[in-house]
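**Q** Prediction below, plus the sequence it came from.
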Amino acid sequence: MGVRLTEYARGGGCACKIPPGELEDVVRGLQAEPADDRLVVGLGDGDDGAVVRIDGGRAVVATADFFTPVVDDPYDWGRIAAANALSDVYAMGGAPLVAVNLLAWPRDVLPMELATEVLRGGLDVARQAGCFVAGGHSIDDAEPKYGMAVTGLADPEHLLRNDSAEAGLPLTLTKPLGVGVLNNRHKQTGEVFSHAVESMAALNRAAAEAALATGHRAATDVTGFGLLGHLLKMVRASGVDAEIDASAVPYLDGARESLRDGYVSGGTRRNLDWVRPHLDAEVDEDELLLLTDAQTSGGLLVVGELPGHPVVGRVVPRAGDGPRVTVR
């Protein structure tokens, strides 16, 4: 079979993120943001990217994302990591303009030719997005990691934000869930799930453009904190609650079987532990694990309807002192 990149990573993809609760503890009190209205979106609500106004009708969107191998094929890993990094710009309602590579590589262990394939995959997806790739930074590291820092442009008056969800509107999900359990199965068994790879490598550009064209104002992408984790961050920032119809949520083929067979990552279990205090659940533990499955390069969760994509829930008024998510 040759080199299996996932064997060189403790975690895989966005499942290797620092857990959301721990991360919030780390950055709490670090909001050293200037009292300047040019900073439209900063650290405050944990949005998908930073937004800085540069003139009346334009703003810069800045983000960075990188992770350990999520699949064994280096070219596919590059594609997935690039799509995932670009997704943060789309989730803010922006268009990627330029990216720089972020590469960590165990140069004495893994052939540099594999690193070339990783970078080639990232370049191909960036080209698909119409985004320049102009250099980057690399280090010699014991664990391979790859991603991008991306700069995009957006209209500061027409952004997609996680603090703008309004009660009474539906929730639309633009990609099926399940890549977390499938990736974990791939890491442990070597089985290849090409449909999961193509889902992760697919850009969220069309979904973001459709959301903006229909006047929607709130969205986030579903990545390492799972659907419920990212939804909780959105309703908390917006001062609302939400309901999820578990039967309406789409999954990739093989996801339920992989959950049944025990391929659940530690990141997924940490996600569920974090959201559980805010949950009113009428479904079983397995369903909750799928709804908090740590996604890599997942779809957008949009407040509002998007043609061709399933409505999986709705935003409702805040009922108590803190945010609640009901799963039925």
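**A** Looks like it came in fine.

**Q** Sketch out the helices for this structure, chain order is fine.
**A** 20-27, 74-91, 112-128, 179-189, 194-201, 205-213, 226-238, 255-260, 266-275, 285-291 (DSSP state H).

**Q** how about the fifth one: buried residues?
**A** By neighbour count with 16 or more other C-beta atoms under 10 Å, helix 194-201 contains the buried residues A196, V197, S199, M200, A201. The C-beta positions use only the backbone N, C-alpha and C, and glycine is treated the same way.

**Q** any idea of the mean pLDDT for that helix?
**A** Average pLDDT, helix 194-201: 98.

**Q** Show me what it is packed up against.
**A** Packing contacts for helix 194-201, counted by 3 or more C-beta pairs under 8 Å, 6 or more residues apart in numbering; DSSP states H and E, involve helix 74-91, helix 179-189.

**Q** returning to that earlier point: could the buried residues of helix 194-201 be laid out in a markdown table, adding distance to G215?
**A** Formatted as a markdown table, the buried residues of helix 194-201 follow (distance: C-beta to C-beta, whole Å):
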| residue | distance to G215 |
| --- | --- |
| A196 | 32 |
| V197 | 33 |
| S199 | 27 |
| M200 | 29 |
| A201 | 29 |
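
**Q** which one among those gets closest to G168?
**A** Within those, distances to G168 taken as C-beta to C-beta reach their minimum at S199, with 30.3 Å.

**Q** Report how many residues lie close to the closest residue to that closest one other than its chain neighbours.
**A** In space, S199 comes closest to K175 once its chain neighbours are excluded; the distance is 5.8 Å by C-beta to C-beta, 6 or more residues apart in numbering. By other C-beta atoms under 10 Å, 23 other residues sit near K175.

**Q** Name all residues that make contact with K175.
**A** Shown in contact with K175 (C-beta atoms under 8 Å, 6 or more residues apart in numbering): S199, A202, N204, V222, G298, G299, L300.

**Q** The closest residue to the third one other than its chain neighbours: how many residues sit nearby?
**A** The shortest distance from N204 to any non-neighbouring residue, by C-beta to C-beta, 6+ apart, is to Y90 (4.3 Å). The local packing of Y90 (other C-beta under 10 Å) involves 31 other residues.
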